[in-house]
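Visitor: Sequence and computational prediction follow.
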Amino acid sequence: MKEKILDELKKVFYPGKTHSVLEEGIIDDVVVEGNKVVVKIKTKEKNQAVIDMLKRSIPMSLKKVDGVEDVELEIEKVVEEKEKVANIKHVIATTSGKGGVGKSTVSVNTALALAKFGYKVGLLDADIYGPNIPTMMGIEGIPVTLDPDHKDKILPIVKYGIKVLSIGNLVPKDAAIIWRGPLINQAIKQFLEDVSWGELDFLIVDLPPGTGDAQLTLAQETKVTGGIIVITPQNVAMSDAAKANDFFKKLKIPVLGVIENMSYFICPNCGARTDIFDHGGARKFAEQNGLGFLGEIPIDVEVREGGDKGKPIVVANPTSPVAQAFEDVARNIVEKIKALG
Ligand SMILES: Nc1ncnc2c1ncn2[C@@H]1O[C@H](COP(=O)(O)OP(=O)(O)O)[C@@H](O)[C@H]1O
Ligand SMILES: [Mg+2]
């Protein structure tokens, strides 16, 4: 009798999935009492509609088994542990008011610099509008794989000693995706919950520019240790920086500091320095707003080339002044985090 019931449960699809309720692993026990069957279910399912469907579909199927007249479901909801990403010590979010300021470049090279210091580092490309981290890290087109130990989770891609995951590795490259709020929320949630990040000292999250849903979800889903604002010296970028700062404030995410990217130019031939844009604006902005200042990154053709070729400057030319500048930024981040306590 019990075997027949289990066979029948193999045919009951889990709502929204392509496998059965049995494979979903929610059936804790089946007890047969005469012509009555008690199915004990343990589930983390939060969606009440799914639970309601199970309440209908399981009894309906089991009543087909000879000798079964009554089916009772005992549903126990298992509460998921609160700290969702407990094995990640610090989540750091980088953002900018607008695109094109080098937010991803900074995220990538800072992550690699932290790894060089010996930290365990993850890099999450949450910029669903312009996921360029696969290109920058040279992992374009590499498909993600399932974690053999946790079949419901995926493994990040390991490159240059850090663990990387981008929406770009999950959807076709030029897919014109119109992401709306709920989808973004779901994507970010899954990036945090359904990825086997393992033990990490730092997870750097490259957020989309602006102050939208991704930022909100991240703040709601996990404890973000601190935010980093990337700006360029031009004045236009400044008002955007103010917006990013306000947003972090609203979400009660401490700002670790501001980085000025494309800050100045050093001539590769003569070594002379030129402030192409009005250099120093980011430091001023930080001072005016009581924020930390994490450093200045010069504009350098090698940075762009490194990004295009999938070999970031911190690994491509580690002794260059720009790589050193990124290491300084990484050191300052560690200091700021230590100061937070
Ligand atoms: N310091 C820099 N020197 C030279 N090129 C840079 C620098 N920072 C970023 N870039 C280039 O500028 C472009 C935009 O940078 P990216 O990191 O993609 O910006 P964002 O993520 O803010 O949109 C890329 O081509 C990148 O290689
Ligand atoms: Mg980017």
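Guide: Ah, there it is. Ligands and ions are numbered 1, 2, ... in the order given.
Visitor: what's the burial count for the nearest residue to Lys311 once chain neighbours are set aside?
Guide: The shortest distance from Lys311 to any non-neighbouring residue, by Cβ to Cβ, 6 or more residues apart in numbering, is to Gly138 (6.1 Å). The way it works is simple: take the backbone N, C-alpha and C, and place the C-beta from them, glycine included. Using other Cβ atoms under 10 Å, Gly138 has 17 other residues around it.
Visitor: Distance check, Gly138 against Asp201.
Guide: Plainly put, Gly138 is 23 Å away from Asp201 if you go by Cβ to Cβ, to the nearest Å.
Visitor: sorry, back to before: quick check: the gap between the residue nearest to Lys311 and ligand 2.
Guide: 16 Å (Cβ to the ion, to the nearest Å).
Visitor: Let me know the pLDDT of the residue of the stretch 151-300 of the chain at minimum distance from ligand 1.
Guide: Proximity of the stretch 151-300 of the chain to ligand 1 (Cβ to the nearest ligand atom) peaks at Ile299, 4.1 Å away. Looking at Ile299, its pLDDT reads 93.
Visitor: Could I get the full set of helices for this protein?
Guide: Along the chain, counting by DSSP state H, helices occupy 2-9, 21-24, 48-62, 103-116, 133-137, 181-193, 213-221, 235-250, 281-288, 301-309, 313-316, 321-340.
Visitor: Out of the ones you listed, which is the most enclosed?
Guide: Greatest average neighbour count among the helices of the chain goes to helix 103-116 (a mean of 26), per mean count of other Cβ atoms under 10 Å.
Visitor: Tell me who's in contact with Glu221.
Guide: Lys84, Ile188, Lys189, Leu192, Glu193 (Cβ atoms under 8 Å, 6 or more residues apart in numbering).
Visitor: Whichever residue of the stretch 1-150 of the chain sits closest to ligand 2 and Thr94, how far apart?
Guide: Taking Cβ to the ion as the measure, the stretch 1-150 of the chain has Ser104 as its residue closest to ligand 2, at 3.2 Å. As judged by Cβ to Cβ, Ser104 and Thr94 stand 8 Å apart.
Visitor: hang on, the earlier thing: got the helices of the chain as TSV, with distance to ligand 1 columns?
Guide: TSV is the format used below for these (distance: least, Cβ to the nearest ligand atom, whole Å):
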stretch	distance to ligand 1
helix 2-9	48
helix 21-24	39
helix 48-62	37
helix 103-116	3
helix 133-137	7
helix 181-193	17
helix 213-221	13
helix 235-250	10
helix 281-288	13
helix 301-309	4
helix 313-316	9
helix 321-340	7
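Visitor: Tell me which of these approaches Asp127 most closely.
Guide: Of all the helices of the chain, it is helix 103-116 that lies closest to Asp127, at 6.7 Å by Cβ to Cβ.
Visitor: how's the chain carved up into domains?
Guide: For the chain, the structural domains run 2-77, 88-340, going by automatic domain parsing.
Visitor: Can you tell me which of those has the worst average pLDDT?
Guide: domain 88-340 (a mean of 88).
Visitor: just how off-centre is that domain within its chain?
Guide: 11 Å (Cα atoms, centre = their mean, to the nearest Å).
Visitor: cool, stretch 33-50 as well?
Guide: 33 Å.
Visitor: Please report the separation between the first and final residues of it.
Guide: With Cα to Cα, to the nearest Å as the measure, the first residue of stretch 33-50 is 27 Å from its last.
Visitor: can you list the residues that contact it?
Guide: Taking Cβ under 8 Å, 6+ apart as the rule, stretch 33-50 contacts 5, 9, 15-16, 26-32, 51, 54, 58, 62, 65, 67-80.
Visitor: Just give me the residue closest to the centre of this protein.
Guide: Leu124 (4.2 Å; Cα atoms, centre = their mean).
Visitor: Leaving out the residues flanking it, which one is nearest to that one?
Guide: Val205 (4.7 Å).
Visitor: who touches that neighbour in this structure?
Guide: Applying Cβ under 8 Å, 6+ apart, the residues contacting Val205 are Val91, Ile92, Ala93, Thr94, Ser107, Leu124, Ala126, Leu218, Val224.
Visitor: now do 10 Å
Guide: 91-95, 107, 122-127, 188, 191-192, 214-215, 218, 222, 224, 227-228 (Cβ atoms under 10 Å, 6 or more residues apart in numbering).
Visitor: before we move on, the earlier item: does the residue of the stretch 151-300 of the chain closest to ligand 1 touch Pro321 like I think?
Guide: No - in this structure Ile299 lies outside contact range of Pro321 using Cβ atoms under 10 Å: 11.8 Å.
Visitor: list the residues that contact both of the two?
Guide: Counting by Cβ under 10 Å, 6+ apart, the shared contacts of Ile299 and Pro321 are Ile266.
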